[in-house]
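1. Compute the structure for the input listed below.
(chains A, B, C and D)
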2 protein chains.
Amino acid sequence: MAGRRTQGQSAGLTREAVLRAAVVLADREGLKALSMRRLGAELGVEAMTLYHHLPSKDALLDGLVEQLVAGVAAPQFEASWQEGLRSYAVGLRSALLAHPNLVPLIASRPAVTAQNLQVMEAALQGLAAAGVEPADALDVLYAVSGFVVGHVVTASEGDPVDHFAAIDAGEFPLLAKAAAAVPDRDADTRFTFALDALLKGLDAGR
Amino acid sequence: MAGRRTQGQSAGLTREAVLRAAVVLADREGLKALSMRRLGAELGVEAMTLYHHLPSKDALLDGLVEQLVAGVAAPQFEASWQEGLRSYAVGLRSALLAHPNLVPLIASRPAVTAQNLQVMEAALQGLAAAGVEPADALDVLYAVSGFVVGHVVTASEGDPVDHFAAIDAGEFPLLAKAAAAVPDRDADTRFTFALDALLKGLDAGR
DNA sequence: CAGGGTAAACTTACGCCGTAAGAATCATCA
DNA sequence: TGATGATTCTTACGGCGTAAGTTTACCCTG
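-> Numbers count the residues shown, from 1 in each chain, chains lettered A, B, ... in the order given. Below is the predicted model of the structure:
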């Protein structure tokens, strides 16, 4: 009957391939659907086979974070450090929004990967060129990335309009009024508004 | 022999009691240790008993978020709206830091509870008194809470010093330099630094 | 070409998990 | 007292992560 390998299309499974398939599966069906058995099935392989490429499921999830930050575009610091930080923030946000189901992961596991360190180093270079000292620059970088993560997290908890729709205007008059205005502003607008404020504040601080 | 109730000390279990015990367990042993069976054992009760007070485990986790935001101190908007926002941010951060194991939850489930709506309404009142329109005020509030959540999340991914300790100074010179300065600034300092910048920026924006 | 070594995949099994369904117990009040 | 409804326990099912051992396919070296 020819070897098992021949009847499945899975020839040389690699860590990369497993991680990519995991991202696809999580994107499509959510984190709860991402089990070792299910992922194996997706790859035409038994669950235990995956352990040949990853030591544990935790390592798989760490790998997903790694894939996520790997998708962050390199920031452009040529114009000014403000524009550099803005491009960094926008790029990070895009990467997170591209895989909303993975966002909860970054809240529970470190995102310190080689790829990410490179992005940070580049950002520090951009800030250094603008005369910001490395230690200060790291604070700034932390401020911006924390800000981006927080915004994506709080915004991705489902559409705010859905949650606010049922607000009792009698009990929470201002909230109801504000909620009524929500549809006029999309998530991008809110993000840009807040990012501008933060950058302006950081600017004033130096 | 007396009834079963008599030998355990669990008389009248309530939703509140279950949630409180869940918080304690999660605080002590982490989210992975928080299973229905384990939680039941902690309360001297079988797992299925908990379903009389909560419809599902997801509802339990939602309840934990509820408990978390319930612990946020009411912001003080008397002095100025900047100080009001600062107290809001500090209070929110304290509540999150008090239960680091629960932080990942807020990244995956909505935190819109009656308690939280009250805090938001109060904050909107404070901002309104300062002449900020409700819709703008909501943006500001979103910006600040997102910022706080992000900061706590990125900072609670373990001690940064641990992660940076192994940085190759040849490959990432600026990062290594900045990392060397990290111990001089504690998390509070970094948070205050970034919060000040954001508040300053929001101020300049109006 | 023979045969052994190795990496990759499979099989089986264990103890957890969330929870559906139903039986047993207790508290309360007519 | 006896019924009623709330509370708890028992049992069972399918799925989970993964430890342990087995089988297969390929690549050397002789």
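2. Show the low-confidence segments of chain A, by residue range.
-> Across chain A, the ranges flagged by pLDDT under 70 are A:1-11, A:157-166, A:182-183, A:206.
3. Helices along that one, start to end?
-> Counting by DSSP state H, chain A has helices at residues A:4-7, A:15-29, A:36-42, A:57-70, A:81-98, A:103-106, A:114-129, A:134-155, A:160-164, A:173-181, A:187-205.
4. With mean neighbour count and distance to DNA strand C as extra columns, can I get those in CSV?
-> Just so you know, the C-beta spots here come from the backbone N, C-alpha and C atoms, and that holds for glycine as well. Below are the helices of chain A laid out as CSV (neighbours: other Cβ atoms under 10 Å in any protein chain shown; distance: least, Cβ to the nearest atom of the strand, whole Å):
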stretch, mean neighbour count, distance to DNA strand C
helix A:4-7, 10, 5
helix A:15-29, 17, 9
helix A:36-42, 17, 6
helix A:57-70, 18, 12
helix A:81-98, 19, 27
helix A:103-106, 20, 17
helix A:114-129, 19, 22
helix A:134-155, 24, 23
helix A:160-164, 15, 22
helix A:173-181, 19, 30
helix A:187-205, 19, 30
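5. now these in a markdown table, with distance to B:Leu202?
-> Putting the helices of chain A into a markdown table (distance: least, Cβ to Cβ, whole Å) gives the following:
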| stretch | distance to B:Leu202 |
| --- | --- |
| helix A:4-7 | 60 |
| helix A:15-29 | 34 |
| helix A:36-42 | 44 |
| helix A:57-70 | 28 |
| helix A:81-98 | 16 |
| helix A:103-106 | 25 |
| helix A:114-129 | 22 |
| helix A:134-155 | 12 |
| helix A:160-164 | 19 |
| helix A:173-181 | 16 |
| helix A:187-205 | 5 |
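6. of the ones you listed, which approaches B:Lys57 most closely?
-> helix A:103-106 (15.8 Å; Cβ to Cβ).
7. quick one: is that closest one near chain B?
-> Yes - using Cβ under 8 Å from any Cβ of the partner chain, we find that helix A:103-106 touches chain B at A:Val103, A:Pro104, A:Ile106.
8. same check, this time on stretch A:185-192
-> Yes - under the criterion of Cβ under 8 Å from any Cβ, chain B is reached by stretch A:185-192 at A:Arg185, A:Arg190.
9. if we can go back for a sec, just the closest of the residues of helix A:103-106 next to chain B to chain B, please.
-> Using Cβ to the nearest Cβ, A:Pro104 comes nearest to chain B of the residues of helix A:103-106 next to chain B, at 3.8 Å.
10. what sits against that closest one?
-> A:Leu31, B:Pro104, B:Ala107, B:Ser108 (Cβ atoms under 8 Å, 6 or more residues apart in numbering or on different chains).
11. Skipping adjacent residues, who's closest to A:Pro75 in space?
-> A:Tyr88 (3.7 Å; Cβ to Cβ, 6 or more residues apart in numbering or on different chains).
12. That neighbour reaches A:Met120, doesn't it?
-> No - with contacts counted by Cβ atoms under 8 Å, A:Tyr88 stays clear of A:Met120, the gap being 9.3 Å.
13. joint contacts of those two?
-> Listed as contacting both A:Tyr88 and A:Met120 by Cβ under 8 Å, 6+ apart are A:Leu141.
14. separation between the residue nearest to A:Pro75 and chain B?
-> Taking Cβ to the nearest Cβ, to the nearest Å as the measure, A:Tyr88 falls 14 Å from chain B.
15. A:Arg20 now?
-> Distance check for A:Arg20 against chain B: by Cβ to the nearest Cβ, it reads 23 Å.
16. In contact with the closest residue to that residue other than its chain neighbours, which residues?
-> Excluding the flanking residues, the one nearest A:Arg20 by Cβ to Cβ, 6+ apart is A:Gln67, at 7.3 Å. For A:Gln67, the contacting residues are A:Leu19, A:Arg20, A:Val23, by Cβ under 8 Å, 6+ apart.
17. hmm, 10 Å instead?
-> By Cβ atoms under 10 Å, 6 or more residues apart in numbering or on different chains, the residues touching A:Gln67 are A:Glu16, A:Leu19, A:Arg20, A:Ala22, A:Val23, A:Ala26, A:Ala95, A:His99, A:Leu102, A:Thr113, A:Gln115.
18. ok, now A:Trp81?
-> Per Cβ under 10 Å, 6+ apart, neighbours of A:Trp81: A:123, A:126-132, A:137, A:140, A:199, A:202-203, A:206.
19. now with 7 Å?
-> Contacts for A:Trp81 (Cβ atoms under 7 Å, 6 or more residues apart in numbering or on different chains) come out as A:Gly126, A:Leu127, A:Ala130, A:Val132.
20. okay, how far is it across stretch A:41-50, tip to tip?
-> One end of stretch A:41-50 sits 10 Å from the other (Cα to Cα, to the nearest Å).
21. centroid residue for chain A?
-> In chain A, the centroid-proximal residue (Cα atoms, centre = their mean) is A:Leu96; its distance is 2.9 Å.
22. does stretch A:96-104 come close to DNA strand D?
-> No - against DNA strand D, stretch A:96-104 shows no contacts by Cβ under 7 Å from any atom of the strand, the least distance being 14.9 Å.
23. Centre of the chain to that stretch, how far?
-> 5 Å (Cα atoms, centre = their mean, to the nearest Å).
24. start to end distance for that stretch?
-> 10 Å.
25. neighbours of the closest residue to A:Gln118 other than its chain neighbours, just the number please.
-> Ranked by Cβ to Cβ, 6+ apart and with sequence neighbours excluded, the top spatial neighbour of A:Gln118 is B:Phe172, at 7.7 Å. Using other Cβ atoms under 10 Å in any protein chain shown, B:Phe172 has 20 neighbouring residues.
26. Same question for A:Ala130.
-> Neighbourhood size, A:Ala130 [other Cβ under 10 Å]: 15.
27. can you check A:Gly30 too?
-> 12.
28. quick one, what contacts it?
-> Here A:Gly30 is in contact with A:Asn101 (Cβ under 7 Å, 6+ apart).
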